[in-house]
Structure formats: structure tokens, C-alpha cells
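1. got a predicted structure plus its sequence, pasted below:
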Amino acid sequence: MDETMAANAQKNTFLIDGFPRNEDNLLGWNKHMEGKAVVSFVLFFDCDNETCTERCLERGESSGRTDDNRESLVKRIQTYLQSTKPIIDQYEKNGKVKKVDASKSVDAVFAAVQIIFDKEG
């Protein structure tokens, strides 16, 4: 990020995928990035657990990922609910969450994301 901004000061907006995922991540981010970065918003792909599970199982049929099985997915969902969802909730209390209904088609989700980024800049 520093290199990108040093090369072109206009390139100062970044998408950080999947972070922070837990309280430790958030504390570390706040400690090291205070005064250096502003979180404009959190893009939250809202999808029910069963749809997520089915999609991951389908992906697992061709991806070769060993963790795309029902047992692992149940554990991943529990970790999400215990560790990540509270972080999202904190950002939501501050009006920083932009939700996308991720249960829709790929094209519909992409269109919703485009609208958010067009609006937010």
C-alpha cells in the first residue's frame, strides 16, 4: 500500500478482503492504523448459513479444497458467529456497514456491489 501510494498519491483507496476477522485483528488494526487510514465502510455479503454451506460444498466438488465439507463448514460458521460477526456488528453500530444480499445470483450480487462502489467512490 505504501509503495502504491508513493508511486501515485491519487491511488489511496484500498479494498481489504476478509479483515478484521476477530477482536485481536481489530485491536491490531486500530493500534497500527490510527491516524493513517479511514475505514469508509465494511462491505458485508449477507447470506444464510444453508446457502453458504451448499455453495461451498458445490465448490468443494471441483476445487480440491479439503475444508469444503459439511463438518468443516459447520465449524467455520461457528467461528464466524463467535469471532467475526461481533466485529461486523461494531461497524454496523457506527453506520459503516453496506449490506449486499449474497443469496442472489452472481450477476445480481455484482450489480449490487457496483452500485455501492459507484456511490461511495
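-> Great, that's in hand. Residues are numbered from 1 along each chain as shown.
2. for the rest of this, base every contact and every neighbour count on C-alpha atoms.
-> Noted.
3. phi first, then psi, for the residue lying closest to residue 96 once chain neighbours are set aside.
-> Nearest residue to residue 96 in three dimensions, chain neighbours excluded: residue 41, at 4.5 Å (CA to CA, 6 or more residues apart in numbering). With angles defined as degrees, to the nearest 10, residue 41 sits at phi -170, psi 160.
4. what about the residue nearest in space to the middle of the chain, distance to residue 85?
-> By CA atoms, centre = their mean, the chain has its centre lying nearest to residue 18, at 4.2 Å. Per CA to CA, to the nearest Å, residue 18 is found 12 Å from residue 85.
5. what of residue 16?
-> If you measure residue 16 against residue 85 using CA to CA, the figure is 17 Å.
6. now swap in residue 60 and tell me
-> Separation of residue 60 from residue 85 (CA to CA): 24 Å.
7. can you check residue 101 too?
-> The gap separating residue 101 from residue 85 is 16 Å, by CA to CA.
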